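# Quick one, fold the following:
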Amino acid sequence: MYTTSPNLTFTHAFTDRLGGVSEGIFASLNLGEHLGDDEKCVRENYRRLFEALGITKFAVAHQIHSSTVLTVTSADAHELYAPNPCAADGLVTREKGLALMVKTADCVPILLEDAEHGVIAAVHAGWRGTVAEIVKNAVSSMVSLGAKGENIRAAIGPAIGYECFQVGEEVTEALSSIGCGSRFRPDPENEGKFYADLKGANCDILLRSGVRPENIWISPVCTRCQHDKYWSHRYTDGHRGVQASVIMM
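Numbers count the residues shown, from 1 in each chain. Next up, the predicted model:
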C-alpha cells in the first residue's frame, strides 16, 4: 500500500498501486478522483489508506505544474469529489492533524518536515516545477512559518528515474539555467534527446536552499521501471491511476 522514508519522523507515506479495490487500468489503489475510475472504489481506497495512517482530514491542490506553494489550514480541508478551488503544486502547514497530499504518476513527490518547529510541506515537481524551483519556494514558505533550513528534513519519493526520463533540449536548457547542468546526459542513440535526473535536480535545489545533505533522502524507485507496482504516465501513455504522497503532524 505504501512505503516510508527513514529520515522523516511525522506520519507520512508514499503510496503504490497495491492494496485497493479499483479494477482494470486503475487496479488497485487508485487515488485519482476524476480519471474515470468508479467513485465507490476511489472512496474505499481513500478509506483504507486513511485508516492505516490515522488521517481524518487532508488538503490537496489542483496541480498545474507550477511553482506555487500555498499555506493551508483546516479551512482548506478537501472533501472527496468536491470542487477544488486551490491551484498549486506545493502545500505547507503548521496545523497538527491536517494531512498534506500531492499526487503523481512519474513526477517527483517531495515531503518535508521541521519536527522541532512543527512545520510540514508536500510538493509535486514535474520538470516544469523542478526548473521553476518549486521546492525552494516550499522551503521558503516553511521558514516563513518558523522552520529553520538546517532543521528541515526532505524525502524525495518514487518518481521516474534518470535512465527512463528522455527529454528534449527545452528541458536541458531549463535545467542548465538553474545550475543543474550536471543532471542530464545525451541519449547516444537519438540526436537532440537527453536523459534527465529530476530527483537529483531537486536534491541540488534543496541543498542550495539550506537543507543539509544528511537530511535528504532519495527513493531509489523508478516508477516507469516498476510500473507493476507504481503508476507511470510514460509507460501507460496516460492511461492510469495516481499514487499519493502524504505527510501529517
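# Compute the number of surrounding residues for the closest residue to Cys180 other than its chain neighbours.
Closest residue in space to Cys180, ignoring its immediate chain neighbours: Ala201 at 4.3 Å, by Cβ to Cβ, 6 or more residues apart in numbering. The C-beta positions use only the backbone N, C-alpha and C, and glycine is treated the same way. The local packing count at Ala201 equals 26, with neighbours defined by other Cβ atoms under 10 Å.
# From Val72, how far off is Ala201?
26 Å (Cβ to Cβ, to the nearest Å).
# Quick one: neighbours of the residue nearest to Asn84 when sequence neighbours are not counted, just the number.
Once flanking residues are discounted, Asn84 sits nearest to His62: 4.8 Å by Cβ to Cβ, 6+ apart. Per other Cβ under 10 Å, the neighbour tally for His62 reads 11.
# Now His62: phi and psi?
Phi and psi for His62, reported as degrees, to the nearest 10, are phi -80, psi 110.
# Pull the distance from the longest helix along the chain to the chain's centre.
Under DSSP state H, the helix in the chain containing the largest number of residues is helix 39-53. Computed by Cα atoms, centre = their mean, to the nearest Å, the separation of helix 39-53 from the middle of its chain amounts to 19 Å.
# List the buried residues of the helix or strand just after it.
Per DSSP states H and E, the first helix or strand lying C-terminal to helix 39-53 is strand 58-60. Within strand 58-60, the residues that count as buried by 16 or more other Cβ atoms under 10 Å are Phe58, Ala59, Val60.
# Surely the second one and Gly90 touch.
No. Ala59 sits out of contact with Gly90 when judged by Cβ atoms under 8 Å, with a separation of 11.2 Å.
# what helix or strand does the residue nearest to Cys180 sit in?
In this structure, Ala201 is located in helix 198-208 according to DSSP H and E.
# Quick check: buried residues in that helix?
For helix 198-208, a neighbour-count test (16+ other Cβ under 10 Å) marks Leu198, Lys199, Gly200, Ala201, Asn202, Cys203, Asp204, Ile205, Leu206 as buried.
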